[in-house]
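Undergrad: fold the following and give me the result.
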Amino acid sequence: MQRFGGHLAGMVMPNIGAFIAWGLITALFIPTGWLPNETLNALGEPMIKFLLPILIGYTGGRLVHGQRGAVIGAIATVGVIAAAESPMFLGAMIIGPAAAAVLKGFDRLIDGKIKSGFEMLVNNFSTGIIGGAMAVLGLVTVGPLVDGLTSLAGKGVDFLVDNSLLPLVSVIVEPAKVLFLNNAINHGVLSPLAASESSSVGQSLLFMIESNPGPGLGILIAFFMFGPRVVRPSVPGAMIIHFLGGIHEIYFPYVLMKPRLILAAIGGGMAGVATAMITNSGLVASPSPGSIFAYIAVTPKGGHLSVLLSIVVATGVSFLLAAMLLRFGRGADELVDVPAVNAKTPAKAKVGASTAPSSGETRVVAGKDVKKLLVACDAGMGSSVMLASQMRTRLKPYGVTVEHVPVNDIPDDAQVVLTHTDLAERARASAPNAVVVPFNAFLGDPVFDEVEKAIKDGEEIRG
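TA: Next up, the predicted model:
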């Protein structure tokens, strides 16, 4: 499920800037926007109907078969766009990778069988012929099917809204977020539906369901006041990164320390959605990352008070529930295995020695041989960017390059990969020859010190 969700998010997240551009143009120039302008508002419809689906299809194809896959993915996406009036985000997610997979299979079939000098001819015509066929397939089959599914999903959302049941979605969304399915849910499911709604009515509450920073902020405040004392020093930094930076993955480890806190996240999420429903709140585009600044930027004219109220209510409810679940600090240091969170390990310990793969096949690399370290997260654009920046500064004196990547797209030549414990098995499956070093907390985890020391002193790194 995580892998499938990662592929969905991987098609959308690289194009979030385009979604934001469309959202800002919509918020500014629609008749009820900040600067109503009929001429400039004409940019909105072509962007949501053509540009965004084609970008998704292009990116999906690229994930499957590189640049050739990207081109054929874009070609095929035009077919599903022509089949329906509604934005074909889901259709692009299907036809783009599918077309690239067909082309990839063709390339494998003819590999080594083309006479020298005819490679470009075959490559160009195969892309054109297969791409055209996939566009026709999208027009006559995939497009109408997805249009029907989108209409059905929209009616399902309307039913939940009309019967005041939409807050119950948090029962699914909040636990899935903590399992690192946040990007898949938001960008793979909710955002396409929300974009369709926003294009017709000017805003959508669906943009706020997963991205509301309130539930996570409330949990972090409760941890700062009532959590284990050894963990509290890391919480203020996590709050800043979460609320201002919009990287929600930062609070997931705190919930995993005390799994019952998921009830606080669910309660906060439900309260935030209910408040948004009562006040008729919504956003014009996806606030990505889920920072308060991004929220303010994509809030429609006249909607800031109600949007901020939904965040405040979600924060307050999740804080109260989390505080009760933490027993208001009574016996706080007994609530979590403290050494696993923030304690230092012996200086001679081998990195990754206690987190070997379940298969028992441990990879080893000498610290002095490490030239590149990769930081992997679900989509390769959120928490991994933050951590890669930190590790880049720490490892620069030793000549080590640090990059961030999606966990499903770790290159074959990877040496050492840092990733969260919950993503470690996916990282090992993606890069079976790499040393995968899991960590528990994004801030202050002793693993980061151990990796730096191993590289500095030439010690072994295991994983």
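
Undergrad: going forward, measure contacts between C-alpha atoms and count neighbours the same way
TA: Noted.

Undergrad: nearest residue to Arg62 other than its sequence neighbours?
TA: Ala70 (4.1 Å; Cα to Cα, 6 or more residues apart in numbering).

Undergrad: count the residues that sit near the one you found.
TA: Using other Cα atoms under 10 Å, Ala70 is surrounded by 25 other residues.

Undergrad: am I right that it falls within a helix?
TA: Yes. Judged by DSSP: H, G, I helix; E, B strand; the rest coil, Ala70 forms part of a helix.

Undergrad: against Ala101, how distant is it?
TA: From Ala70 across to Ala101, the span is 11 Å (Cα to Cα, to the nearest Å).

Undergrad: any shared contact partners between the two?
TA: Residues touching both Ala70 and Ala101 comprise Gly61, with contact defined as Cα atoms under 8 Å, 6 or more residues apart in numbering.

Undergrad: in the stretch 201-350 of the chain, where is pLDDT below threshold?
TA: Within the stretch 201-350 of the chain, the stretches with pLDDT under 70 are 331-350.

Undergrad: what ranges does it have for its helices?
TA: All helices of the stretch 201-350 of the chain, identified by DSSP state H, counting those that start in this stretch, fall at 206-209, 214-226, 235-243, 252-257, 262-278, 292-297, 304-325, 338-341.

Undergrad: give me the low-pLDDT residue ranges for the stretch 351-463 of the chain?
TA: Using pLDDT under 70, the stretch 351-463 of the chain drops low at 351-360, 379-381.

Undergrad: quick check: Arg392 touching Thr401?
TA: Yes. If you go by Cα atoms under 8 Å, Arg392 and Thr401 touch, sitting 6.9 Å apart.

Undergrad: skipping adjacent residues, who's closest to Ile134 in space?
TA: Quick fix: residue 134 is Met, not Ile. Ala76 is the one closest to Met134 (Cα to Cα, 6+ apart), at 5.2 Å.

Undergrad: so how far is Val142 from Tyr80?
TA: Small correction: residue 80 is Val, not Tyr. Counting by Cα to Cα - Val80 and Val142 are separated by 6 Å.

Undergrad: run through the strands of this structure in chain order.
TA: Remark: strands assigned in the chain by DSSP state E are 364-366, 372-377, 401-406, 416-420, 435-439, 460-462.

Undergrad: with mean neighbour count and distance to Ala238 as extra columns, can I get those in TSV?
TA: Below are those laid out as TSV (neighbours: other Cα atoms under 10 Å; distance: least, Cα to Cα, whole Å):
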stretch	mean neighbour count	distance to Ala238
strand 364-366	18	31
strand 372-377	24	17
strand 401-406	21	20
strand 416-420	26	16
strand 435-439	27	16
strand 460-462	23	27
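
Undergrad: what's the closest of the helices of the stretch 201-350 of the chain to Glu38?
TA: helix 292-297 (21.1 Å; Cα to Cα).

Undergrad: in that closest one, which residues are buried?
TA: Ile292, Ala294, Tyr295, Ala297 (16 or more other Cα atoms under 10 Å).

Undergrad: likewise for stretch 305-317?
TA: Those would be Ser306, Val307, Leu308, Leu309, Ser310, Ile311, Val312, Val313, Ala314, Thr315, Gly316, Val317, for stretch 305-317 by 16+ other Cα under 10 Å.

Undergrad: just stretch 164-173 next, same as before
TA: By neighbour count on 16+ other Cα under 10 Å, the buried set for stretch 164-173 is Leu166, Pro167, Leu168, Val169, Ser170, Val171, Val173.

Undergrad: so what's the gap between that stretch and the chain middle?
TA: 20 Å (Cα atoms, centre = their mean, to the nearest Å).
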